[in-house]
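> next one to model:
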Amino acid sequence: MTVELSVLAWGCILGIAHIFIAVRFKTRQYGTKWNVGARDQDLPPPDPIVGRLARAQANFFETFPIMAAAILIVAIAGLGSRWTAAGALLWLAARIVYLPLYAAGIPVIRTIVFMISIVGIAMVLRPALTASLG
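Numbers count the residues shown, from 1 in each chain. Below is the predicted model:
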């Protein structure tokens, strides 16, 4: 399996981690009864960390499909290289670092790390974009 496809698999695991970490903190605030219930009732505003984890999760799931598509394009077209592998690893590392930064409420560094993950996506997409031009 290529590095890029391995990163895609680990990205799936990271997505699951986002879900479980966010719901763990939400359950801590609202209780097990809320977690196993229908969740129909109105809830009080979330604690700051609950809100941050929900936003971090939403951010991950906004960008993960783009990275998944980029990796699949490169894999199917046979465009993988050391640069696409490095881009995939850069994306994964940045997304791993992003979660605790967001949970801790660290603003500027979090945004820089997010932008690093976008650079990783661009590194993976580049060969597909340049191949389509030539």
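
> where does this protein dip in pLDDT?
For the chain, the stretches with pLDDT under 70 are 132, 134.

> quick one: the helices in it, in order.
With DSSP state H as the criterion, the chain has helices at 3-30, 32-36, 48-77, 82-103, 107-133.

> tell me how many other residues surround Cys12.
Per other Cβ atoms under 10 Å, the neighbour tally for Cys12 reads 12. To be clear about C-beta, it is placed using only N, CA and C from the backbone, and glycine gets the same treatment.

> roughly how far apart are it and Ala70?
As judged by Cβ to Cβ, to the nearest Å, Cys12 and Ala70 stand 15 Å apart.

> over to Thr32?
Using Cβ to Cβ, we find Thr32 at a distance of 39 Å from Ala70.

> who's more crowded, the two?
Using other Cβ under 10 Å, the more surrounded residue of Thr32 and Ala70 is Ala70, with 26 against 9.

> residues touching the more buried one, list them.
Neighbouring residues of Ala70 by Cβ atoms under 8 Å, 6 or more residues apart in numbering: 121, 124-125, 128.
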